[in-house]
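Novice: below is the structure, and that's it, no one-letter string:
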């Protein structure tokens, strides 16, 4: 009768060096699965916004060098009569301008210059105060120039085509806070995608985490030194 004398083989245990710097509860497939899902959903959101910002970005990058006649603005200039009583301050002028051109004047850009002495052909001339009000939307811009006391105001208007609209949307020109925050979600998404992508590459392994940390640290140091060299 033959009796086996082979000892029972115990399962090999995973070395503890696989997940350095992290709690043990992170050393699970569930965390990597969560990272993959987060990376995928944020990537979908970024891809959707990237269609708009990427297309308009190409126009911004190449319209000067390659002479792409894409964004065009048609400009007009008129003089409009002011109602009585005349505007008492630039804010009143902005409110009137917004009503006249049917644009929201809540975020009007106002420039107010005090009276000053200027030299014209060698003669000193006293220049009266000047007000300038600018209203902007992604499609058009309206600028009013007014010398207090006059009964007329000079209004310059620029209307852009669809390519100009896309360019302004890319730069956030004439947009409200909501659009700016929406664009910020794209920038934030890119940051999250970068971080989750790095973590997925490391697979939460200690040596790879150390390499990623070293690389990001070196990049941050290089950016800081370059900023300081540029006088930032």
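Specialist: It's in. Computed from a predicted structure; not experimentally measured.

Novice: hey, let's count contacts and neighbours off CA atoms from now on
Specialist: Fine.

Novice: those helices in the chain, which residues are they?
Specialist: Listed in chain order, the helices of the chain (DSSP state H) span 29-62, 90-101, 162-171, 177-202, 206-229.

Novice: in the last one, which residues are buried?
Specialist: To tie it back to what came earlier, the one meant is helix 206-229. 206, 208, 209, 212 (16 or more other Cα atoms under 10 Å).

Novice: list the residues that contact the last one.
Specialist: For residue 212, the set of contacting residues under the criterion of Cα atoms under 8 Å, 6 or more residues apart in numbering consists of 198, 202.

Novice: low-confidence bits of this structure, can you list those?
Specialist: Along the chain, segments meeting pLDDT under 70 span 1-29, 62-71, 174, 231-232.

Novice: deepest of the helices of the chain, which one?
Specialist: Mean neighbours per residue, mean count of other Cα atoms under 10 Å, is largest over the helices of the chain for helix 162-171, with a mean of 19.

Novice: nearest to residue 89 among the buried residues of helix 206-229?
Specialist: residue 212 (57.9 Å; Cα to Cα).

Novice: circling back: residue 143: which of the helices of the chain is closest?
Specialist: Of the helices of the chain, nearest to residue 143 by Cα to Cα is helix 90-101, at 9.0 Å.

Novice: how about residues contacting that closest one?
Specialist: With Cα under 8 Å, 6+ apart, helix 90-101 has contacts from 87, 104, 105, 108, 110, 112, 131, 132, 133, 135, 144.

Novice: apply 7 Å and report the result again.
Specialist: The contact list for helix 90-101 (Cα atoms under 7 Å, 6 or more residues apart in numbering) reads 87, 104, 105, 108, 110, 131, 133.

Novice: which of those are buried? Put it as a ChimeraX command.
Specialist: Command for ChimeraX that selects the buried part of those, burial taken from 16+ other Cα under 10 Å:
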select :87,105,108,110,131,133
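
Novice: pick the one among the contacts of helix 90-101 closest to residue 178.
Specialist: Closest to residue 178, out of all of the contacts of helix 90-101 and judged by Cα to Cα, is residue 104, at 15.4 Å.

Novice: would you mind measuring from that closest one to residue 97?
Specialist: For residue 104, the distance to residue 97 equals 9 Å [Cα to Cα, to the nearest Å].

Novice: could I get the helices of the chain in a markdown table, plus columns for distance to residue 151?
Specialist: Shown next, in a markdown table, are these (distance: least, Cα to Cα, whole Å):
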| stretch | distance to residue 151 |
| --- | --- |
| helix 29-62 | 41 |
| helix 90-101 | 12 |
| helix 162-171 | 33 |
| helix 177-202 | 35 |
| helix 206-229 | 51 |
